[in-house]
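S.K.: Structure here, sequence nowhere to be found:
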């Protein structure tokens, strides 16, 4: 029997989580991301697990047969970086990534110290493009 994923939707208040997890400039950055991701997805924010603010959802299935549900996009205000979830990854977004500003990436994670380090218009373009790609790929 497969273990249940830890990161799944919860009933925790997004606002209460952000009030505890983010202060001052980081909280303002979170408010900006809330507006940006809500606009891109048309979905209300929802907590996924203890620290991920997600928007919308899609079902995935790996070749191994493992399947689950994940937010279309989202973010988490971590101690050192703001982590944004860009689910298609970054392979198709080279031009945007080149114009974004200071950041690091993982497979589908975009790490930003603070939003002041990046071009917000480019970030919004990236989030919007990634949301469209997920919706196209997963219906």
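M.R.: Looks like it arrived, so ask away. Just so you know, these numbers come straight off a predicted model, no measurement behind them.
S.K.: which residue sits closest to the residue nearest to the spatial centre of the chain, ignoring its sequence neighbours?
M.R.: Residue closest to the mean C-alpha point of the chain, counted by C-alpha atoms, centre = their mean, is residue 74 at 2.3 Å. Of all residues not flanking residue 74 in the chain, residue 54 sits nearest, at 3.7 Å (C-beta to C-beta, 6 or more residues apart in numbering). Just so you know, the C-beta spots here come from the backbone N, C-alpha and C atoms, and that holds for glycine as well.
S.K.: Now the phi/psi pair for the one you found, please.
M.R.: Backbone torsions for residue 54, taken as degrees, to the nearest 10, come to phi -110, psi 160.
S.K.: Mind listing the residues bridging to it?
M.R.: Counting by DSSP bridges, residue 54 is bridged to residue 46, residue 74.
S.K.: now residue 61
M.R.: Residue 61 forms beta bridges with residue 67, as assigned by DSSP bridges.
S.K.: Flag the shaky bits of the chain, pLDDT-wise.
M.R.: Within the chain, the set of residues satisfying pLDDT under 70 comprises 1-5.
S.K.: separation between the closest residue to residue 138 other than its chain neighbours and residue 19?
M.R.: Among residues not flanking residue 138 along the chain, residue 58 sits closest, at 3.9 Å (C-beta to C-beta, 6+ apart). As judged by C-beta to C-beta, to the nearest Å, residue 58 and residue 19 stand 28 Å apart.
S.K.: again, but for residue 126
M.R.: 27 Å.
S.K.: Among the two, which residue is more densely surrounded?
M.R.: Ranked by neighbour count (other C-beta atoms under 10 Å), residue 126 and residue 19 place residue 126 first, with 24 against 12.
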